[in-house]
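Peer 1: no sequence on hand, only this structure:
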């Protein structure tokens with residue numbers, strides 16, 4: 001059985017004897033870039049968010065694709081993957097009690113339709129890759145590195161493939177559809193984040209970053225270079241400076257965008273007529289991002 005997020009974080013590389021200035025994961029960095037107020041509500045206030053069917057579908061599909069590679073190559077078939085959905089759903093229910101509220105007892109039809117959508121998403125995977133021809137080097141890998149600025153970067157990578165010549169491919173599964181051109185940069189920023197951490201820890205720049213969009217069956221591939229990754233490092237350090245400034249001033253202003261449609265905090269957002277919550281009392285060091293969810 002795969003380790004829980006809690007166990008993986010506990011077994012992460014310790015940063016002994018170093019006073020880190022903070023920590024960022026790709027998701028929390030993306031939150032602040034999207035909307036500082038959303039970052040605050042998730043990371044500082046830690047407001048609860050109900051799980052959405054789309055998000056939980058992504059978790060279930062990721063679990064199946066992780067476990068699929070535990071099987072012998074010949075057994076990695078579409079039928080086998082579909083048969084693993086119920087077990088993956090049970091695992092999610094055990095790991096996150098919030099998921100149990102996704103469907104009421106009288107919503108059996110909705111639950112069945114949702115499970116059917118999980119099967120549909122998984123079928124698209126086999127149109128994009130042949131898992132019988134792949135032997136990933138790592139799956140659901142926890143990675144972290146400490147920059148010279150003492151900013152800790154960390155996250156989970158869905159899959160790392162290593163070619164016979166040592167070339168590294170970083171793979172990320174997305175259960176939704178590929179984004180429009182205006183949102184594609186956000187997904188690539190996440191992948192460059194992973195590439196930067198791998199470069200810092202392994203001394204090798206990944207040869208390929210690959211996003212697999214299962215919602216509409218599309219592959220997006222990108223070959224980073226050193227200039228890309230140094231630019232990403234500067235962006236992340238500047239982002240942390242902006243986060244620290246927001247913490248010191250208490251100015252976590254909202255940033256309205258089309259992504260607001262998916263936000264859980266509209267009732268507390270002035271942009272939607274909501275009442276801004278008072279800032280919690282907190283020490284500056286507690287701004288460090290402890291949420292590694294992707």
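Peer 2: That came through fine. Given the structure is predicted, the values throughout are model-derived calculations rather than measurements.
Peer 1: ranges for the helices of this protein?
Peer 2: Listed in chain order, the helices of the chain (DSSP state H) span residues 5-10, 26-34, 36-39, 53-68, 78-83, 85-95, 108-128, 181-202, 226-249.
Peer 1: arrange those helices in a markdown table, one row each, with distance to residue 145 and mean neighbour count as further columns.
Peer 2: From N, CA and C alone the C-beta is placed, and that goes for glycine too. Formatted as a markdown table, these follow (distance: least, C-beta to C-beta, whole Å; neighbours: other C-beta atoms under 10 Å):
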| stretch | distance to residue 145 | mean neighbour count |
| --- | --- | --- |
| helix 5-10 | 15 | 13 |
| helix 26-34 | 13 | 20 |
| helix 36-39 | 21 | 22 |
| helix 53-68 | 23 | 20 |
| helix 78-83 | 33 | 15 |
| helix 85-95 | 26 | 16 |
| helix 108-128 | 30 | 15 |
| helix 181-202 | 4 | 18 |
| helix 226-249 | 10 | 15 |
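Peer 1: to residue 219, which of those helices lies closest?
Peer 2: Minimum separation from residue 219 across the helices of the chain (C-beta to C-beta) falls at helix 108-128, 5.8 Å.
Peer 1: tell me the angle the closest one makes with helix 85-95.
Peer 2: Angle of helix 108-128 versus helix 85-95, following axes from the mean of the first three to the mean of the last three C-alpha atoms, to 10 degrees, is 110 degrees.
Peer 1: same for helix 108-128, what does it pack against?
Peer 2: Judged by 3 or more C-beta pairs under 8 Å, 6 or more residues apart in numbering; DSSP states H and E, helix 108-128 is in contact with helix 53-68, helix 78-83, helix 85-95.
Peer 1: what's the closest of those helices to residue 221?
Peer 2: Ranking the helices and strands packed on helix 108-128 by proximity to residue 221 (C-beta to C-beta) places helix 53-68 first, at 17.8 Å.
Peer 1: pLDDT on that closest one, on average?
Peer 2: Averaged over helix 53-68, pLDDT sits at 94.
Peer 1: how far does that helix sit from the chain's center?
Peer 2: Distance, stretch centre to chain centre, for helix 53-68: 12 Å (C-alpha atoms, centre = their mean, to the nearest Å).
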